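**Q** only the shape, not the letters, is given here:
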């Protein structure tokens, strides 16, 4: 049985600007977000992810299409009439108030009884692990602590959906990584649907149940972190998420959905191909660096080449290999399981062995 739907966007477009100078920030976007899901909108600046978040929040109205919360059309409703809350990049806390007072503020504005407000504030302080700082003013706490208070304040009214617009971007790297784990913990403990906006690929992979990758106002692919990383369907997704090698190959034969793919080395592999890919077509293979094994130059391999550069990263070593007979370079990453050993060096000939399932044929 599929999970219930929390938020749905149907054929949503958003156009800014006067006639003749329009900017299409969203272009016929449709997405379904489930209840109790950590869903991330991922993409570069200007891709439309924050615009979509603002449409869900009610800060913008769609030019076309529908926004539904739990099946109810809300595109016409103002933000305060939607069961959503938003955490922004700037936390917008009241500096003259204490941590507890900031958390209580929204509940008091809703007219909640004092006993209920106190009980909720206590629960929120525990959730964000801020009990000991409840009486300190928010101007006297760190950026990471302020972020926790902003989260607690947004979660206190128990919204159906919590919208997060790059709330970790102002934190340093170590604190940001800690808060990624904390955010996922809070989402699981509260059961509230989180919709998170970020341009940080690692952040999205770390926290999300599902990710929507966006570019130029469109959603290009939706899937779990593993699906997005291991099986990108288009070049932009493969290139934007992590590091990827792109290799052109030729379809020499196909039977039903199975094609014979000729690599630059002349080696032919079998791989499923789309219906619209015919014999003689050139296809692009996406291959992650860590899925390439370096072998002796005289061993059986899919590609052969010469190492042009070696970069030691501590946990792993990256080898840049120029493929024989081409001007193309391929990157292979080898984990240093037993410590670094200078076995391979620039100028050495090597073979590159790649599991067929590690080669992903892209649509574009």
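**A** That came through fine. In this text, all values refer to a predicted model and were calculated from it rather than measured experimentally.
**Q** tell me the pLDDT at the residue of the chain positioned farthest from its centre?
**A** Here the chain reaches farthest from its C-alpha mean at residue 298, the gap being 40.4 Å by CA atoms, centre = their mean. If you check residue 298, the pLDDT there is 91.
**Q** number the residues from 734 up from this point.
**A** Yep, numbering from 734; the last one is residue 1031 now.
**Q** for it, give its distance to residue 1080.
**A** 17 Å (CB to CB, to the nearest Å). Heads up, the C-betas are built off the backbone N, CA and C, glycines and all.
**Q** excluding chain neighbours, what is closest to the residue farthest from the centre of the chain?
**A** residue 1084 (7.7 Å; CB to CB, 6 or more residues apart in numbering).
**Q** got the contact list for that neighbour?
**A** For residue 1084, the contacting residues are 1027, 1028, 1029, 1030, 1031, 1032, 1033, 1034, 1036, 1037, by CB atoms under 8 Å, 6 or more residues apart in numbering.
**Q** between those residues, which is nearest residue 1047?
**A** residue 1027 (18.5 Å; CB to CB).
**Q** biggest helix in the chain, by residue count?
**A** When the chain is parsed with DSSP state H, its longest helix is helix 906-923.
**Q** check contacts around residue 796.
**A** 746, 747, 748.
**Q** got the buried residues for the helix or strand where the first one lies?
**A** What it means is residue 746. Counting by DSSP states H and E, the element that carries residue 746 is strand 738-749. Within strand 738-749, the residues that count as buried by 16 or more other CB atoms under 10 Å are 738, 739, 740, 741, 742, 743, 745, 746, 747.
**Q** ok, those residues vs residue 760, which is closest?
**A** The closest of those, once distances to residue 760 are taken by CB to CB, is residue 746, at 5.9 Å.
**Q** show me what contacts the closest one?
**A** So residue 746 contacts 757, 759, 760, 761, 762, 795, 796, 797, 798 (CB under 8 Å, 6+ apart).
**Q** repeat that for residue 871.
**A** 826, 827, 828, 830, 831, 832, 835, 879, 882.
**Q** again with residue 1003
**A** Residue 1003 neighbours (CB under 8 Å, 6+ apart): 991, 992, 993, 994, 1089.
**Q** pick the one among these closest to residue 859.
**A** Using CB to CB, the contacts of residue 1003 come closest to residue 859 at residue 1089, 50.4 Å.
**Q** report pLDDT for that closest one.
**A** So residue 1089 comes in at 83 (pLDDT).
**Q** so it is in contact with residue 1000, correct?
**A** No - counting by CB atoms under 8 Å, residue 1089 does not reach residue 1000; the two are 11.0 Å apart.
**Q** which one of these two is surrounded by more residues?
**A** residue 1000 (15 against 11; other CB atoms under 10 Å).
**Q** paired strands for the helix or strand hosting residue 1084, with orientation please.
**A** In this assignment (DSSP H and E), residue 1084 forms part of strand 1082-1087. Strand 1082-1087 pairs in its sheet with strand 1025-1028 (antiparallel), strand 1036-1045 (antiparallel), by DSSP bridges.
**Q** outline the domain layout of the protein.
**A** 738-972, 977-1094 (automatic domain parsing).
**Q** the helix or strand encompassing residue 969: what's the following helix or strand?
**A** Applying DSSP H and E as the criterion places residue 969 in helix 968-973. Downstream of helix 968-973, the next assigned helix or strand under DSSP H and E is strand 978-988.
**Q** which elements pack onto that next one?
**A** Packing partners of strand 978-988 (3 or more CB pairs under 8 Å, 6 or more residues apart in numbering; DSSP states H and E): helix 968-973, strand 991-995, strand 1015-1020, strand 1062-1068.
**Q** now do the third one: distance to the chain's middle.
**A** Here the centre of strand 1015-1020 is set off from its chain's centre by 23 Å, with CA atoms, centre = their mean, to the nearest Å.
**Q** which strands or helices does that strand pack on?
**A** helix 968-973, strand 978-988, strand 1093-1094.
**Q** change it to 10 Å
**A** helix 968-973, strand 978-988, strand 991-995, strand 1001-1005, strand 1062-1068, strand 1082-1087, strand 1093-1094 (3 or more CB pairs under 10 Å, 6 or more residues apart in numbering; DSSP states H and E).
**Q** which residues sit against the first one?
**A** It refers to helix 968-973. Here helix 968-973 makes contact (CB atoms under 10 Å, 6 or more residues apart in numbering) with 775-777, 780, 932, 934, 944, 946-949, 951, 953-954, 956, 961-962, 964-965, 967, 977-979, 1017-1021, 1093, 1095-1097.
**Q** hmm, back to that, would you list the helices and strands packed on strand 1015-1020 in CSV and tack on distance to residue 866?
**A** As requested, the helices and strands packed on strand 1015-1020 are exported to CSV (distance: least, CB to CB, whole Å):
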stretch, distance to residue 866
helix 968-973, 38
strand 978-988, 48
strand 991-995, 59
strand 1001-1005, 56
strand 1062-1068, 41
strand 1082-1087, 52
strand 1093-1094, 48
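**Q** quick check: mean pLDDT across the strand or helix carrying residue 758?
**A** Secondary structure from DSSP H and E places residue 758 in strand 756-767. The average pLDDT within strand 756-767 is 96.
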